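Colleague: Fold the following and give me the result.
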Amino acid sequence: MTRYTEVSAFTTVPGQGNRAGVVLDAAGLPSEQMQRLAAFLEAPETVFVTRLSDGLGRVRYFTPTQEVDFCGHATIALGRVLAQEGRWRGEALELETLAGRIPLRLVLDAGGECRVWMRQPAFQARPVDRRWRSELAEALGLSDRMVHRGLPLAAASTGLWSVFVPLLDSFLLGGLEPDLPRITELSRELGVVGVYAYAPMGVSRFAARDFAPLVGIPEDPVTGSAGGALLALLASEGRLPLRGNRASGLVSQGHALGTPGEIEVEVEVRGSQVTAVQVGGSAAVEREGVWNG
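Modeller: You can find the predicted model right below:
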């Protein structure tokens, strides 16, 4: 029997934000059983802890269909469960993932609510040729006239690669009609896990939707790794205001699915180089269970 916890990440309200499965004691669980449990839970991602001692955890992430290198919202969910169960009280903690080591930070506010911050894997970006603009817009159900010419259309990663498509207005996000088979093809051709449409809501606030059918997620409600990559991409191109060598911002996601959540991002910049990306958020436990598979 395997004990699991279902958690809503990037929200304080169970059932909103992005759902993740968390399995704390997975040391003896074979990969095939991890995949079967992730498929059973049907959360966008489930995180499995295969080791936890001396400030170091070793983890693996699975969507309902396959293993992935990293997942932001599942990492936030894991931090919440570790704190709730008294296995983490804010001491130094790093997670060893397929995307590298991820340091975690626990913050308790005056009301006792905990927020988990993670340092994302190194930011990377590559240009996307303008010839893809029309195809990406069409796959989202839009005319390419709706693509914002003043914000970056690019591929970027802080753990997982996405292609970022800027739209003129956040209202356009609610009316998207994604062609998921075409998005799957485009994702494969561009070497990314999904297409991330975003739009400005203010100087440092953005709304977004994330489509990743290539890895078994038709639409991800709230995506921590992509939210971090988005703000890092914008900061690297001088699109965010800096205070000293830092930029910060918020990404709102999940409204189109009725599961709103909010991602906080802090970016460190040296010149035009992003040197660190921190992503933070709250999480709420939904339920616990035991799997007999």
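Colleague: Contacts only, for Asp210.
Modeller: Ser162, Gly194, Val195, Tyr196, Ala197, Glu219, Asp220, Thr223, Ala226, Gln253 (C-beta atoms under 8 Å, 6 or more residues apart in numbering). From N, CA and C alone the C-beta is placed, and that goes for glycine too.
Colleague: Need those in TSV (columns: distance to Ala20, neighbour count and pLDDT).
Modeller: Below are these laid out as TSV (distance: C-beta to C-beta, whole Å; neighbours: other C-beta atoms under 10 Å; pLDDT from 0 to 100):
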residue	distance to Ala20	neighbour count	pLDDT
Ser162	18	27	98
Gly194	17	25	97
Val195	21	26	98
Tyr196	18	26	98
Ala197	22	25	98
Glu219	15	20	97
Asp220	11	29	95
Thr223	11	34	95
Ala226	15	32	96
Gln253	14	31	97
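Colleague: which one among these gets closest to Leu168?
Modeller: Checking those against Leu168 with C-beta to C-beta, the nearest one is Ala197 at 11.2 Å.
Colleague: Show me what Leu95 bridges to in the sheet.
Modeller: Gly57, Ile102 (DSSP bridges).
Colleague: Count the neighbours of it for me.
Modeller: Neighbourhood size, Leu95 [other C-beta atoms under 10 Å]: 22.
Colleague: What does the pLDDT read for the residue lying closest to Ala92 once chain neighbours are set aside?
Modeller: The shortest distance from Ala92 to any non-neighbouring residue, by C-beta to C-beta, 6 or more residues apart in numbering, is to Gly55 (5.0 Å). In this model, Gly55 is scored at 94, pLDDT.
Colleague: just the helices in the stretch 1-150 of the chain please.
Modeller: Ranges of helices within the stretch 1-150 of the chain are 31-41, 72-84, 132-139, based on DSSP state H, counting those that start in this stretch.
Colleague: The stretch 151-293 of the chain now?
Modeller: 171-174, 180-190, 224-236.
Colleague: And Tyr4, how far from Ala137?
Modeller: Per C-beta to C-beta, to the nearest Å, Tyr4 is found 39 Å from Ala137.
Colleague: okay, these two: which has more neighbours?
Modeller: A direct count of neighbours by other C-beta under 10 Å for Tyr4 and Ala137 places Tyr4 higher, at 24 against 19.
Colleague: Quick check: pLDDT value at that one.
Modeller: We have a pLDDT of 98 for Tyr4.
Colleague: so where is the chain shaky, pLDDT-wise?
Modeller: 110-112 (pLDDT under 70).
Colleague: Quick check: buried residues in stretch 27-42?
Modeller: For stretch 27-42, the neighbour count (16 or more other C-beta atoms under 10 Å) marks Leu29, Met34, Gln35, Arg36, Leu37, Ala38, Ala39, Leu41 as buried.
Colleague: Looks like the fourth one contacts Asn292 (just checking).
Modeller: No: Arg36 lies out of contact with Asn292 (C-beta atoms under 8 Å); the separation is 11.2 Å.
Colleague: where do the strands sit along the stretch 101-250 of the chain?
Modeller: Assignment of strands within the stretch 101-250 of the chain using DSSP state E, counting those that start in this stretch yields the ranges 114-119, 124-127, 154-157, 161-166, 194-200, 205-212, 217-220, 246-253.
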